[in-house]
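Student: Could you work out the structure for the sequence below:
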Amino acid sequence: MKDVRTTFKVRVWANRPVKLAKRTHYQVRWFLDGQEFNQSFPNAKAADSHRSMLVAALRNGEAFAFVTGLPLSHPKTVEARTEPAVQQRSAFDLATAFVDRKWRDAAAAYRVDIAKAMTAFTAAMLTETPSARISGTKLRAALRNWQFAVTQRKAMPADVAVIVEWVSGRTRPVADLEDANTFEDVFSKIVRKLDGKPMAESSYKRYRAIMNNFLAYCVRFKQLEVNPLTAMEISDTKASPPTKAIIPVDRRRLTDQATAEALLAAVGRTSRNGRVLELAMEVMYRAGPRPEEIVAMEVGDFVGAKTGGGWGELVLYEAAPETAKRWTDDGTRRQRRGLKGRARSESRRVPVHPVLEQKLSAYIAEKELKPGTRMFSGQRGGELAYSVLDKALKRARQAVLSEEQVASALAKTLYDWRHLCLTNWLNRGIPPANVAQWAGSSVPVLLATYVNVIDNEAVLRGLLDRMYDLPVDAEVLRDVSGDQDDG
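Tutor: Residues are numbered from 1 along each chain as shown. A predicted model of the protein is given here:
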């Protein structure tokens with residue numbers, strides 16, 4: 001709160017020179033009701049001028065303000081006593097408001113990312129170093145898991161509340177970020193781990209996008225004049241290294257068809273719920289859905305072939321990304337959402353190869369699954385967990401791959417099955433527009449993601465070889481022309 005006190009009890013002392021090692025400056029001293037104020041000047045003339053202003057105000061019967069020590073009519077006092085048009089808000093307050101604003105419409109996984117980014121930002125804006133009992137890990141856990149998890153905030157434990165209360169009163173105003181050096185220093189802390197090392201490039205991209213959104217939010221509420229991130233060239237700053245817009249798929253993650261088939265068979269052979277897990281991964285391998293779309297898939301999403309040996313179709317409507325319960329609205333581990341990058345009511349159609357169509361049809365008939373039920377369930381009938389699929393894949397890799405391959409990135413994650421499917425489509429000459437539509441992506445993102453694994457030169461050369469082939473009519477016309485010339 002600003003000091004609004006004023007007084008007429010003013011004493012102005014004579015100026016005095018203060019000798020330093022290399023120069024002398026001149027100090028003006030005065031007292032407001034016993035409280036000392038002083039100001040130094042480089043020469044006696046400037047000091048005399050300032051003292052004369054104080055004496056003139058005193059003789060005119062003007063009150064002095066404690067907030068500056070100067071007369072009420074002085075511009076600095078007028079500015080200091082005038083409430084700003086917009087009250088400056090602290091980093092903690094705005095980060096909390098931003099989280100609350102985003103929570104309702106954000107997917108559970110995105111809520112986690114927002115909480116992490118706002119935790120890093122709030123910690124970087126602290127005005128004091130936390131004590132030993134509030135270690136960096138405890139402080140960040142209190143912010144991330146409680147203050148920035150909206151549904152958990154009211155149930156915050158007492159020891160966590162103490163930490164949050166300490167942080168709430170010790171963060172700088174967001175307006176401080178308008179200074180370029182301050183912003184660069186803060187941003188550098190945000191995009192680094194606690195040990196000071198740069199975070200992974202994928203994490204950096206997420207944090208930067210969220211911070212850009214947050215800073216735009218601050219501009220909208222007039223806490224900042226401009227978004228300082230848009231004015232900072234990342235490649236030219238010490239805050240962080242350059243980053244690629246999209247991280248391409250690593251070719252070392254992709255396996256050949258024979259190994260893929262062997263891994264799928266091993267999943268079925270080495271897991272208790274093997275038939276379900278094997279088929280779930282095979283759907284990713286042959287139709288390319290994301291893992292969160294696989295676990296949300298219902299029986300009615302599969303349209304079988306009208307005739308034996310024909311093509312089927314998947315019509316995908318939902319995704320169910322898995323996260324901790326604190327980040328969902330209903331306290332479950334999954335939050336059902338629309339498909340990535342699409343409106344809630346939009347669907348995506350994907351062709352199903354006859355090999356996969358026959359397996360899905362037989363599986364549904366054998367399990368007697370009805371429309372409206374899950375396509376793939378856990379061993380006890382509940383939702384299929386990522387961890388179960390991950391462990392099944394790990395066992396299969398141990399059974400099929402060599403020791404060197406197990407230690408490598410080859411087919412290591414669930415997402416690698418989707419990557420393998422999309423790569424196969426592209427390498428067999430399927431137009432990128434169709435692949436992007438089936439995959440639920442855009443063409444630019446698709447090509448940027450798979451640029452390092454597209455290897456369809458044989459297909460392209462075949463198309464180029466036929467570029468200048470004459471159509472049938474042209475061949476006939478050329479023969480007729482030749483006959484006329486001979487005549």
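
Student: what's the spacing between the spatially most central residue of the chain and residue 255?
Tutor: By Cα atoms, centre = their mean, the chain has its centre lying nearest to residue 206, at 2.5 Å. Applying Cβ to Cβ, to the nearest Å, the value for residue 206 to residue 255 is 28 Å. For every residue, glycine as well, the C-beta is placed using N, CA and C.

Student: what's the answer for residue 71, then?
Tutor: Plainly put, residue 71 is 81 Å away from residue 255 if you go by Cβ to Cβ.

Student: now residue 431
Tutor: 25 Å.

Student: Compare those two and say which one has the larger neighbour count.
Tutor: Legend: neighbour count by other Cβ atoms under 10 Å for residue 431 and residue 255, higher for residue 255 (20 against 11).

Student: Could I get the phi/psi values of the nearest residue to the more buried one once chain neighbours are set aside?
Tutor: Distances taken as Cβ to Cβ, 6 or more residues apart in numbering place residue 411 nearest to residue 255, at 4.8 Å, with adjacent residues excluded. When quoted as degrees, to the nearest 10, the phi and psi of residue 411 stand at phi 50, psi 40.

Student: who touches residue 411 in this structure?
Tutor: Going by Cβ atoms under 8 Å, 6 or more residues apart in numbering, residue 411 touches 253-255, 259-260, 263, 393, 397, 401, 417, 420.

Student: In helices, which of these appear?
Tutor: Cross-referencing the contacts of residue 411 against helices under DSSP state H gives 259-260, 263, 393, 397, 417, 420.

Student: most neighbours, which of those residues?
Tutor: Ranked by the number of neighbours (other Cβ under 10 Å), the ones in helices among the contacts of residue 411 place residue 417 first, at 28 neighbours.

Student: Am I right that residue 224 is in contact with residue 174?
Tutor: Yes - with contact defined as Cβ atoms under 8 Å, residue 224 counts as touching residue 174 (6.4 Å).

Student: what sits in contact with each of these two?
Tutor: With Cβ under 8 Å, 6+ apart as the test, residue 224 and residue 174 both reach residue 218.

Student: Out of those two, name the residue with the larger neighbour count.
Tutor: Under the neighbour definition other Cβ under 10 Å, residue 224 and residue 174 were set side by side, and residue 174 has more, 25 against 20.

Student: List phi and psi for the more buried one.
Tutor: Given degrees, to the nearest 10, the pair of backbone angles that residue 174 has is phi -60, psi -30.

Student: Now the lengthiest helix in the chain: average pLDDT?
Tutor: What stands out as the longest helix in the chain, according to DSSP H, is helix 201-220. When pLDDT is averaged along helix 201-220, the result is 91.

Student: Check stretch 162-176 too.
Tutor: For stretch 162-176, mean pLDDT rounds to 92.

Student: residue boundaries of the strands in the stretch 51-200 of the chain?
Tutor: Taking DSSP state E, counting those that start in this stretch as the test, the strands found in the stretch 51-200 of the chain are 64-65.

Student: Can you give the strand pairings for the strand or helix carrying residue 28, parallel or anti for each?
Tutor: Per DSSP states H and E: residue 28 is located in strand 24-32. Using DSSP bridges, the strands paired with strand 24-32 are strand 10-12 (antiparallel), strand 16-19 (antiparallel), strand 35-41 (antiparallel).

Student: Could you tell me the least trusted of these?
Tutor: Among those, strand 16-19 has the lowest mean pLDDT, at a mean of 89.

Student: What are the contacting residues of it?
Tutor: 24-27, 29, 40, 44.

Student: 10 Å instead?
Tutor: The contact list for strand 16-19, computed with Cβ atoms under 10 Å, 6 or more residues apart in numbering, reads 24-29, 38, 40, 44, 47.

Student: How about stretch 250-266?
Tutor: Stretch 250-266 is contacted from outside by 274, 277-279, 281-282, 285-286, 392-393, 395-401, 405, 408-413, 415-417, 419-421, 423-424, 450, 452-453, 455, using Cβ under 10 Å, 6+ apart.

Student: same thing but at 8 Å, please
Tutor: Contacts for stretch 250-266 (Cβ under 8 Å, 6+ apart): 278, 281-282, 285, 393, 395-397, 399-401, 408-413, 416-417, 419-420, 423, 452-453.

Student: Show me just the buried residues among the residues you listed.
Tutor: Burial by neighbour count, judged by 16 or more other Cβ atoms under 10 Å, picks out 278, 281-282, 285, 393, 395-397, 400-401, 410-412, 416-417, 419-420, 423, 453 from those.

Student: wait, is residue 307 part of a strand?
Tutor: No - secondary structure of residue 307 (DSSP: H, G, I helix; E, B strand; the rest coil): coil, not part of a strand.

Student: dump the residue contacts of residue 109.
Tutor: If a contact means Cβ under 8 Å, 6+ apart, then residue 109 has 321, 323, 327 as its contacts.

Student: Need the residues you listed in JSON lines (columns: distance to residue 466 and pLDDT).
Tutor: Shown next, in JSON lines, are the contacts of residue 109 (distance: Cβ to Cβ, whole Å; pLDDT from 0 to 100):
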{"residue": "321", "distance to residue 466": "45", "pLDDT": "73"}
{"residue": "323", "distance to residue 466": "50", "pLDDT": "74"}
{"residue": "327", "distance to residue 466": "54", "pLDDT": "78"}
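
Student: Next, the buried residues of stretch 308-323.
Tutor: So for stretch 308-323, counting by 16+ other Cβ under 10 Å, buried means 312, 314, 316-323.

Student: Can you spell out which helices and strands pack onto the longest helix of the chain?
Tutor: helix 91-103, helix 108-124, helix 180-190 (3 or more Cβ pairs under 8 Å, 6 or more residues apart in numbering; DSSP states H and E).

Student: Give me whichever of the ones you listed is most buried.
Tutor: Mean neighbour count, computed with mean count of other Cβ atoms under 10 Å, is highest for helix 108-124 among the helices and strands packed on helix 201-220, reaching a mean of 22.
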